[in-house]
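J.: I need the structure of the sequence given here:
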Amino acid sequence: MTSLHRSDERPPATTAHHATNLHHLADQAVTGAAGLGVTVATAESLTAGMLAAVLADTPGASGMLQGGVVSYQNSVKADVLGVSMELLDTVGAVDGRVAEAMAEGARRICGADIGISTTGVAGPEPHAGKDVGSVYIGVATADGSTAYGYSFAGSRPEIRGQACAAALERLLEALAPKATGA
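T.: This next block holds a predicted model:
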């Protein structure tokens, strides 16, 4: 099952609010996943480990975080995560299908229930025809994978922070059906 969703742009957050929000979201995700016995793995390009780090900052993370891959280069996306080089050559790294494949790869290689990925352009310049702020979050579960597209605004650190927050929100959404038994 593959689908792509587009989300509206979010305003840049202040640094203090951004850090508090990330840790609040991470706390919810860690508590939720650990309480359900669900494991998570990350595959990060744009966020370069920020997502795994904010999860690991949270007490109880060892009960749910399997591991993560920082795949800044396409060679790592292909060689470690198993993203098709043909796909990368055709659409580039910033694409919903790549985000899905990254999440699937993280889930597979880390033996996790849920894989979450981030890929995008933080700037300051566009990359390979993709605008600054273009971001995709991938989510992979046993039921399939989905990508969510975003268009963020702000500085490079703000865009990366917004992407991390979006990934945590998507992780919470992936956990919700498991909490209700759906």
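
J.: elements contacting the longest helix seen in the chain?
T.: The single longest helix within the chain, with elements called by DSSP state H, is helix 156-180. Using 3 or more Cβ pairs under 8 Å, 6 or more residues apart in numbering; DSSP states H and E, the elements in contact with helix 156-180 are helix 15-36, helix 50-56, strand 114-120, strand 134-141, strand 144-151. (C-beta placed from N, C-alpha, C; glycine too.)

J.: buried residues of the longest one, list them for me.
T.: This points to helix 15-36. In terms of neighbour count (16 or more other Cβ atoms under 10 Å), helix 15-36 has its buried residues at 18, 21-22, 25-34.

J.: and what of stretch 118-130?
T.: Thr118, Thr119, Gly120, Val121, Ala122, Gly123, Lys130.

J.: what sits against the third one?
T.: By Cβ atoms under 8 Å, 6 or more residues apart in numbering, the contact set of Gly120 is Ser45, Leu46, Val94, Lys130, Gly133, Ser134, Val135, Tyr136, Tyr150, Phe152, Ile159, Ala163.

J.: could you list the low-pLDDT ranges of this protein?
T.: Counting by pLDDT under 70, the chain shows low-confidence ranges at 1-19, 181-182.

J.: the residue nearest to the spatial centre of the chain bridge partners, please.
T.: Ranked by distance to the mean C-alpha position of the chain (Cα atoms, centre = their mean), the top residue is Ser117 at 3.1 Å. With DSSP bridges as the criterion, Ser117 is bridged to Ala43, Gly138.

J.: can you pull the buried residues of the longest helix of the chain?
T.: Across helix 156-180, burial judged by 16+ other Cβ under 10 Å covers 158-172, 174-175, 178.

J.: try stretch 77-85
T.: Neighbour-count burial for stretch 77-85 [16+ other Cβ under 10 Å]: Lys77, Ala78, Val80, Leu81, Val83.

J.: which of those residues lies closest to Thr39?
T.: Leu81 (17.1 Å; Cβ to Cβ).

J.: make sure the closest one is actually in contact with Glu100.
T.: No: contact criterion Cβ atoms under 8 Å: Leu81 and Glu100 do not qualify, at 11.0 Å.

J.: appreciated, that's everything.
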